[in-house]
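In: sequence below, structure please.
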Amino acid sequence: MDPVLRETGVSVNQVFFAPGARTHWHVHDHGQLLRVATGSGLVCTVTRRSGRSEFTIARRLACNRHLGEAARHRAFCSLSQSARATEFYDEKTAAGDSRHAALRKLGNRWLEVLWHCLYRRHQRRLRDNRAYRAAFDKEYTLRLARAHEDNGWDRVLFAYGSGAPDPNIGAAYIAGKTDTLQLLLAHRPNVSYPTFAAKTFATIDQVSNGRVTVHFITGDTDHEQQREGDYLTKDERYERTRECMQIVKKAWTSREPFDYQGKHYKFADFVSDVFPVQQPRPNLSFGGSSPAAYRAGGAEADIYCLWGEPLARTAEQIESVRLAAKEAGRTDTPKIQVAFRPVIAPTEARAWEKARDIVARIETRVHAGGGALSRRRPVGNPENTGSQRLIAIAAEGELFDRALWTRTAAVTGGAGNSNALVGTPETVARAILDYIDLGVDIISMRGYDLLQDAIEVGQQVIPIVREEVAKRDAAPLR
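Out: Model (predicted):
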């Protein structure tokens, strides 16, 4: 807030938004008003004179007519170019606003976007009320967690990146603020010794009263691993991950001291003083699409995670995981989890318009980043097999099965969970059920608008899937 400005006895109370503004005095019958030639406006006193006395009778927002007209014109044009702008406009008219009022509010929102782009260097999404935030914003993180807990989601992932906030501390914070939401903690074995990691996870399981699952990450690229001092090859990292999972499981379940000697870890006489609430232990999840990944995860994981691929390709991967588990001597097999990016709207046409708008924004971001989504995620020539598979599938076609769209994977270079399910909530729910029929046990989804998509998918897609699965479970076996 700027200090009060004074000029010839007229006070200007607050300057809200005036980037590069030029000011001039506008004289009218009842006093003076400071106007902004370029900028949004400012709060000023409006006065009326009576004899020699002057009284402040109101306060009003000084409005730049030219800027207002330009904002409304931009808003009108955006209705044919942006699915999110259309949704925002429709929401306001449905709430009772006139078309002019809704257009004016949309123009104001675009001004907010522009301001944050210029001053925060951050593209603020139309329907996300967040301004620019730090890498870890505990208020928004809590809001996001509660949106998942309140809208039918079972579990949320606390991801790991070389420069990202510590997922364990974030999960412990959320554990104390939620009641039922399960916590999936991403862990790279190179960042801490397995015995220390086991105690950390067990402590969080105690704090959360038994809501922890640990997801082991081997690392997509050598470069990202080297940022934290890890110079092993990919196959060596898979071997280390397998050893780490073995040690963590033993540390959670052994009440007697034990020794371990492997290729990557060696210690003697360890026993933990802290054990998880879940008995015999929390689940371990793991992901990968290479033969080395199948061997490690098939042998040790309770949950095997895959990125969304066409049904036939997913069936092939499920069979590879089951074969690896059998070769490792297991009598059971890991549960299968598949991940997608949901894009839903009330109609098929709106959903596809929304999907194309998302791809256009991704392409703009990649172009602005010099061909990279971020410093950690260049687009093109991925090292990991999973991303290579996604790019190869995208080259074969954009649409597979009922609703699987590969364009989102193509423009991101197969960046992680990037294939989308596009359509109405009913279409996306039926597509998910196709994967469940294939043998998938767990569905993972992350929208492009984290908060709003969590709410909408939770309210509109998940109930359909749960109801249909319940019907199938209740049906007599044939």
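In: I'd like the average pLDDT over stretch 91-105.
Out: Stretch 91-105 shows a mean pLDDT of 85.
In: show me what counts as buried in stretch 92-105.
Out: Of the residues in stretch 92-105, those buried under the neighbour-count criterion (16 or more other CB atoms under 10 Å) are Lys92, Ala102, Leu103, Arg104, Lys105. The C-beta positions use only the backbone N, C-alpha and C, and glycine is treated the same way.
In: chain center to stretch 300-316, what's the gap?
Out: Offset of stretch 300-316 from its chain centre (CA atoms, centre = their mean, to the nearest Å): 21 Å.
In: for it, how far is the first residue from the last?
Out: One end of stretch 300-316 to the other measures 20 Å (CA to CA, to the nearest Å).
In: list the buried residues in that stretch.
Out: Here stretch 300-316 shows 300-311, 313-314 as buried, counting by 16+ other CB under 10 Å.
In: among those residues, name the ones in strands.
Out: Among the buried residues of stretch 300-316, DSSP state E puts Ile303, Tyr304, Cys305, Leu306, Trp307 in strands.
In: in a markdown table: those, plus pLDDT.
Out: Shown next, in a markdown table, are those (pLDDT from 0 to 100):
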| residue | pLDDT |
| --- | --- |
| Ile303 | 98 |
| Tyr304 | 98 |
| Cys305 | 98 |
| Leu306 | 98 |
| Trp307 | 97 |
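In: so for stretch 150-170, what's the average pLDDT?
Out: Taken as a whole, stretch 150-170 carries a mean pLDDT of 95.
In: what's the answer for stretch 308-315, then?
Out: Rounded mean pLDDT across stretch 308-315 is 98.
In: re the thing from before, ok, so of the buried residues of stretch 92-105, who is nearest Glu467?
Out: Lowest distance from Glu467 to those (CB to CB) belongs to Lys92, with 32.1 Å.
In: distance of the closest one relative to Ala75?
Out: Using CB to CB, to the nearest Å, Lys92 is found at 11 Å from Ala75.
In: need the overlap of contacts for the two.
Out: Overlap of the contact sets of Lys92 and Ala75 (by CB atoms under 8 Å, 6 or more residues apart in numbering) consists of Leu106.
In: ok, the nearest residue to Phe400 once chain neighbours are set aside - contacts?
Out: If the residues on either side of it in the chain are set aside, Phe400 comes closest to Pro310, at 4.0 Å by CB to CB, 6 or more residues apart in numbering. Listed by CB under 8 Å, 6+ apart, the contact partners of Pro310 are Ile393, Phe400, Asp401, Leu404.
In: which residues does the second one bridge with?
Out: As for beta bridges, Phe400 partners with Leu404 under DSSP bridges.
In: about what we covered before: from the buried residues of stretch 92-105, pick the one nearest Ala292.
Out: Nearest to Ala292 out of the buried residues of stretch 92-105 is Lys92 (CB to CB; 52.9 Å).
In: quick check: closest non-adjacent residue to the closest one.
Out: Nearest non-adjacent residue to Lys92, counting by CB to CB, 6+ apart: Ala102, 3.7 Å away.
In: who's in contact with the one you found?
Out: If a contact means CB under 8 Å, 6+ apart, then Ala102 has Tyr89, Lys92, Thr93 as its contacts.
In: of the residues you listed, closest to Arg143?
Out: Nearest to Arg143, judged by CB to CB, of the contacts of Ala102 is Lys92 at 22.5 Å.
In: which element is the closest one on?
Out: Using DSSP states H and E, Lys92 sits within helix 83-94.
In: mind listing the helices for the stretch 51-200 of the chain?
Out: Per DSSP state H, counting those that start in this stretch, the stretch 51-200 of the chain carries helices over the ranges 65-78, 83-94, 99-119, 138-150, 167-175, 194-207.
In: oh sorry, the question was meant for the stretch 201-350 of the chain
Out: Counting by DSSP H, counting those that start in this stretch, the stretch 201-350 of the chain has these helices, from start to end: 222-226, 234-253, 291-300, 311-327, 348-368.
In: which stretches of the chain have low pLDDT?
Out: The model of the chain has pLDDT under 70 over residues 1-64, 115-134, 371-380, 478.
In: what's the domain layout of it?
Out: By the record's domain assignment, the chain is partitioned as 5-63, 67-119, 137-282, 337-478 (automatic domain parsing).
In: my guess is Arg242 contacts Tyr294. True?
Out: No: Arg242 lies out of contact with Tyr294 (CB atoms under 8 Å); the separation is 11.4 Å.
In: those two: which is more packed in?
Out: In this view Arg242 and Tyr294 are compared by other CB atoms under 10 Å, and Arg242 has more residues nearby, 26 against 23.
In: which residues are in contact with the more buried one?
Out: Arg295, Ala296, Ala299, Glu300.
In: out of everything not next to it in sequence, what's closest to the last one?
Out: Closest residue to Glu300 apart from its sequence neighbours, by CB to CB, 6+ apart: Met245 at 4.2 Å.
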